[in-house]
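Undergrad: Model the structure of this input:
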Amino acid sequence: MKVAVINCGSSSIKYEVFDVRECAMLATGLVEKIGSADGRLRQRKRKADGTFEEQSFTKPLAGHIEGFEFMAGVNQKERIIEDESELFGIGHRVVHGGDVFREPTLIDDKVVAAIKGLIPLAPLHNPSNLLGIEVSREHFPHVPQVAVFDTAFHQTLPSHAYHYAVPHQLYEEHHVRRYGFHGTSHSYVAKEAARHLGKLPSELNLITLHLGNGASAAAVKEGRSIDTSMGMTPLEGLVMGTRCGDIDPSLPFYLMRQTAMSRNAVENLMNRESGLKGICGVSDMREIQDLAAKGHERAGLAIGMFCYRVKKYIGAYFAVLGRLDAIVFTGGIGENSAAVRQQCCEGLEHMGIVLDSQKNTAAGGTVAEIQKDGMPVQVVVIKTNEEREIARQTIDAIERAKAL
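TA: Residues are numbered from 1 along each chain as shown. Have a look, this model is predicted:
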């Protein structure tokens, strides 16, 4: 039996197919340029010897229905999923579950309606996620389907961590609160860290750092998220590729008064023109590091600001947790930039956080420890795999439902 994971965007459909027994990836693909005459599907298919074959297919795609049919047809032709009888279930990434969904949920008409009701909290993401669900349910009507929410892992935040200091009626009437995101990634690496360290998740206190174009930190106490840097939206917290992260809340009002910028223009500025891009004109950390090495002053400033913000959150979450067993770096930057990891941890020796420069430089693969021997706080680099976590949660949700 197999389980498929679908992440539907506004003009693309990402998917992976896993074997249920081992949760081994069988194929991964991307349908892109939906709505154009040059639609394309790129796929990596696992061969019998364990290696992967790169494949590419093209076809005009008028919309997501055609994109989904294209994906299903290629998978059937390539004998990855020949018919729906091979599917144990389908897991869907949904960005925002609000405070309605605390765990992966079997999808029915009521769940679809509830996700639609949450669109105001995630107007850029939930509509596309819903579209993937609706097309998938139409195409595979007899296959159990599960919604896995980016926000669910953070539903264990205590009230003093998720409330904002604004009038309480805004929470009661408009659901104004901290939700947090990247929950699937934080959940996955927290479990993998426990497995690597030979402990149960309930035995560990962790700070997990998902550092990529989008970036967030989480304080994970005994396997449960108790604080996280992103808030009601993914704009709050760390410095990101194009998002500002924490700022003075009065800054948007100041800009509107002083520059006559519209509300939409300020929102666009904060989400798409700020962060690393706003500081030095480039959003990709690899390019920024190249520029800094050549003496580009603002590129160096961007790296410094990025790492300083991460360091502040490490200190804050150490205080919140009381005891820290390990820090986990993940995400594109967290997994691949030894220099960023080093700079984020510099000056934290008094907290028992000291990197081994050789281990840090050599870190690669799925899991690597990079702290100096004998340090009380482990520092671990873990390659995240949100799709596998969605597959696992989908399997668990279906099995729980069958056991009832």
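
Undergrad: Skip ahead from the helix or strand hosting Phe318 and say which helix or strand is next.
TA: Element membership for Phe318 (DSSP states H and E) is helix 297-321. Following the chain from helix 297-321 toward its C-terminal end, the next helix or strand by DSSP H and E is strand 326-330.

Undergrad: Quickly run through the sheet partners of that following strand, with directions.
TA: Looking at strand 326-330 with DSSP bridges, its partner strands are strand 205-211 (parallel), strand 378-382 (parallel).

Undergrad: then the last one to PDB, C-alphas only?
TA: Right, the one you point to is strand 378-382. Listed next in PDB are the C-alpha coordinates belonging to strand 378-382 (Å, rounded to 0.1, in the frame of the first residue of the first chain):
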ATOM      1  CA  GLN A 378      23.900  19.100  22.100                       C
ATOM      2  CA  VAL A 379      23.700  21.000  18.800                       C
ATOM      3  CA  VAL A 380      22.300  18.900  16.000                       C
ATOM      4  CA  VAL A 381      21.800  19.600  12.300                       C
ATOM      5  CA  ILE A 382      18.800  17.600  11.000                       C
END
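
Undergrad: what's next to that strand, contact-wise?
TA: Contacts to strand 378-382, defined as Cβ atoms under 8 Å, 6 or more residues apart in numbering, come from residues 189, 192-193, 196-197, 325-330, 334-335, 341, 345, 353, 355, 363, 366-371. Every C-beta, even on glycine, is put in place using the N, C-alpha and C of the backbone.

Undergrad: The strands paired with strand 326-330 into CSV, with extra columns for mean pLDDT, distance to Ile65 and mean neighbour count?
TA: Supplementary listing: those in CSV, determined by pLDDT from 0 to 100; distance: least, Cβ to Cβ, whole Å; neighbours: other Cβ atoms under 10 Å:
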stretch, mean pLDDT, distance to Ile65, mean neighbour count
strand 205-211, 98, 33, 27
strand 378-382, 98, 37, 23
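
Undergrad: Turn the ones you listed into a markdown table, including distance to Val111.
TA: Conversion of the strands paired with strand 326-330 to a markdown table gives the following (distance: least, Cβ to Cβ, whole Å):
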| stretch | distance to Val111 |
| --- | --- |
| strand 205-211 | 26 |
| strand 378-382 | 31 |
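
Undergrad: closest to Ile314 out of those?
TA: Within the strands paired with strand 326-330, the stretch nearest Ile314 is strand 205-211; the backing value is 5.8 Å (Cβ to Cβ).

Undergrad: quick one: that closest one to helix 297-321, angle?
TA: In this structure, strand 205-211 runs at an angle of 160 degrees to helix 297-321, with axes from the mean of the first three to the mean of the last three Cα atoms, to 10 degrees as the basis.
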